[in-house]
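> Take this sequence and fold it.
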Amino acid sequence: MKKLLLSTVFYFAVCQNMLFGQIDSKMYNMMLKTLLSHTVTEVSVEETLAMDSVVFLDARERIEYQVSHIEEAIWIGYNDFDATRVAEVDKDAEIVVYCSVGYRSEKITEKLINLGYTNVCNLYGGIFEWVNQGQVVVVKEQEPTDKVHAFDKVWGVWLNIPKENKIYN
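Numbering: from 1, shown residues only. Below is the predicted model of the structure:
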C-alpha cells in the first residue's frame, strides 16, 4: 500500500513538473510524511538556520557529496556508514543529518542516537529542501555551486532547479 501511494505521488509530481515546471509543496510534504518513519526529531531548513552552532552530517553516498553539499558538512555515508567518521564530533554537539530528501538521514540519525549522540536531528526534506529554499551548497574548496546530485530522475522531480544543474551518476 505504501509503495502504491508513493508511486501515485511520484506520477502526479512528474506530470505537474512537466506541465508547470514546479513541484507543489503539498505533494512534496505528502511524499515525505509517507516515506519517513518520523522516529527521530526533524528540523526544517528555517529551524536549522536559526541554530547557533550546528554540525552538518551528510548521509548520502560519496559521489553525491562530491557534486555538492552544505558548507562544512562532514560526509558520513549511508550504505557504508562507519561510526569512526563521527568520532571527532562531540556527542552533545548540535547535529543535523541530511541526505537527498530525509529517508537515509533518518536511518543514520537513529544510529547516531544509539551511539550516544544526544542532540541529533534529521533535516526534513534534506538537501533538496535546502536548495529549494534558496540556500547555498558548495563543492570542493567550499566554492558555491548550482549543481546538485538528484539521486535519479524519479527523485529529481522534487528538486526545483534547472534540469542542467541536476546531476545523475
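> Contact partners for the residue nearest to the spatial centre of the chain?
Nearest to the geometric centre of the chain sits Gly126, at 2.2 Å (CA atoms, centre = their mean). By CB atoms under 8 Å, 6 or more residues apart in numbering, the residues touching Gly126 are Tyr98, Cys99, Ser100, Val101, Gly102, Ser105. Quick note: C-beta positions are derived from backbone N, CA and C, even for glycine.
> shouldn't the second one be in contact with Ala59?
To tie it back to what came earlier, the one meant is Cys99. Yes - with contact defined as CB atoms under 8 Å, Cys99 counts as touching Ala59 (4.5 Å).
> which residues do the two both contact?
Tyr78, Ser105, Ile108.
> Flag the shaky bits of this structure, pLDDT-wise.
Under the criterion pLDDT under 70, the flagged ranges of the chain are 1-24.
> Which residue ranges of it form strands?
Listed in chain order, the strands found in the chain under DSSP state E are 42-43, 55-58, 74-75, 95-98, 120-123, 137-139, 143-145, 148-149, 166-167.
> what would those look like in a markdown table with distance to Gln66 and mean neighbour count?
Formatted as a markdown table, these follow (distance: least, CB to CB, whole Å; neighbours: other CB atoms under 10 Å):
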| stretch | distance to Gln66 | mean neighbour count |
| --- | --- | --- |
| strand 42-43 | 25 | 19 |
| strand 55-58 | 10 | 23 |
| strand 74-75 | 9 | 16 |
| strand 95-98 | 15 | 27 |
| strand 120-123 | 19 | 26 |
| strand 137-139 | 7 | 16 |
| strand 143-145 | 11 | 11 |
| strand 148-149 | 8 | 24 |
| strand 166-167 | 10 | 18 |
